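Novice: test case, fold it:
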Amino acid sequence: MPSTTITKKIISVVCGVLLLSITACGLNKKSAHPSWENGVLRVGVTPNYPGLIHKAADTGLISGLEAECAALLAERLHSRLQFVELEWEKQIPALERRKVDIIMSAMSITEMRKLRVAFSKPYLAINQMALTTKAEQDNFRSVQEILATGKPVGVEKGTTGDIFVQRYCLAADPFFFSSPDLAVKALRDKRIDLFIHDGPVLGSYIASNSTDDLVLLNIPLTREELAWAVRLDDPDLLEEVNSALDDWKDDGTLQKLIEKWIPQ
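Specialist: Residues are numbered from 1 along each chain as shown. Predicted coordinates for the structure are as follows:
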């Protein structure tokens, strides 16, 4: 076979391989598009935080500060809102695996979480606080008495309250719960003496149970910032979220929602 023919065949094969590679890259790039760019904003939530993100047992309706912000964000992105309910500890893995586009579920900014997600600008500053009963409140009159207690202390597993108790309440007997509702029930049943969690969540229980014997101790234990989390490789969505937050802060939308949903 003439060398010119062989050369032409080689060139033809190489061009074909290049064309297939380019096509495959194009398909991979298209399939890698996040769903929010295709008209659906998938929001990861653990809806057990009254005031922030909560699911009504009777209607199944998800409501709260973050639910309303999610709806506003979806509208801004011209996307349909889809809540994806997840257990708390599965939130970040679901984000990494592209099962959701954003986590909007009372997530505190921590250095460890920053290694795995990109946080938006904070939308709310909160404190870890302690809920107890009227019968026990005199035993917890200061931060020092809370830190030194050897009594049963309830936390929601995997939260910053959990981290706080394990790090600073070294003499405490920790009890781990999968939701704030279960921890509050244990408090009422006298199986624990304290429940440490986000201040706004505990405040919601007090606001909805004004005749109850629960007491929110006016002792801030930490100061932390809540933010929304997106994938590290999704800077476009992060920019959109931060832009929305800036606008909502400037026009008063965010403050109105905070006043509506978070007990003072």
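Novice: how about the secondary structure of residue 176?
Specialist: Secondary structure state of residue 176, per DSSP: H, G, I helix; E, B strand; the rest coil, is strand.
Novice: which ones are touching it?
Specialist: 154, 155, 156, 157, 162 (C-beta atoms under 8 Å, 6 or more residues apart in numbering). Quick note: C-beta positions are derived from backbone N, CA and C, even for glycine.
Novice: so which of those are in strands?
Specialist: Secondary structure defined by DSSP state E assigns 154, 155, 156 of the contacts of residue 176 to strands.
Novice: output the below-cut-off pLDDT ranges for this protein.
Specialist: Under the criterion of pLDDT under 70, the regions of the chain flagged as low confidence span 1-33, 209-211, 263-264.
Novice: domain assignment for it?
Specialist: 35-125+225-261, 128-217 (automatic domain parsing).
Novice: quick check: end-to-end length of the longest one?
Specialist: Put plainly, it is domain 35-125+225-261. Looking at domain 35-125+225-261, the gap from its leading to its trailing residue is 29 Å under the measure C-alpha to C-alpha, to the nearest Å.
Novice: chain center to it: distance?
Specialist: The chain centre lies 7 Å from the centre of domain 35-125+225-261; the measure is C-alpha atoms, centre = their mean, to the nearest Å.
Novice: still on that earlier bit, okay if I get the ones in strands among the contacts of residue 176 as TSV plus distance to residue 142 and neighbour count?
Specialist: Formatted as TSV, those follow (distance: C-beta to C-beta, whole Å; neighbours: other C-beta atoms under 10 Å):
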residue	distance to residue 142	neighbour count
154	20	29
155	20	27
156	24	25
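Novice: could those be laid out in a markdown table, adding distance to residue 246?
Specialist: What follows is those, written out as a markdown table (distance: C-beta to C-beta, whole Å):
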| residue | distance to residue 246 |
| --- | --- |
| 154 | 37 |
| 155 | 34 |
| 156 | 31 |
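Novice: looking at these, spot the one nearest residue 56.
Specialist: Each of the ones in strands among the contacts of residue 176 was checked against residue 56 using C-beta to C-beta; the closest is residue 156, at 19.4 Å.
Novice: which residues of the stretch 51-200 of the chain fall in helices?
Specialist: Shown for the stretch 51-200 of the chain, the helices assigned by DSSP state H, counting those that start in this stretch span residues 65-76, 91-96, 111-114, 143-148, 160-168, 180-188, 199-208.
Novice: could I get those helices as JSON lines with distance to residue 136?
Specialist: Converted to JSON lines, the helices of the stretch 51-200 of the chain look like this (distance: least, C-beta to C-beta, whole Å):
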{"stretch": "helix 65-76", "distance to residue 136": "30"}
{"stretch": "helix 91-96", "distance to residue 136": "32"}
{"stretch": "helix 111-114", "distance to residue 136": "32"}
{"stretch": "helix 143-148", "distance to residue 136": "11"}
{"stretch": "helix 160-168", "distance to residue 136": "16"}
{"stretch": "helix 180-188", "distance to residue 136": "9"}
{"stretch": "helix 199-208", "distance to residue 136": "15"}
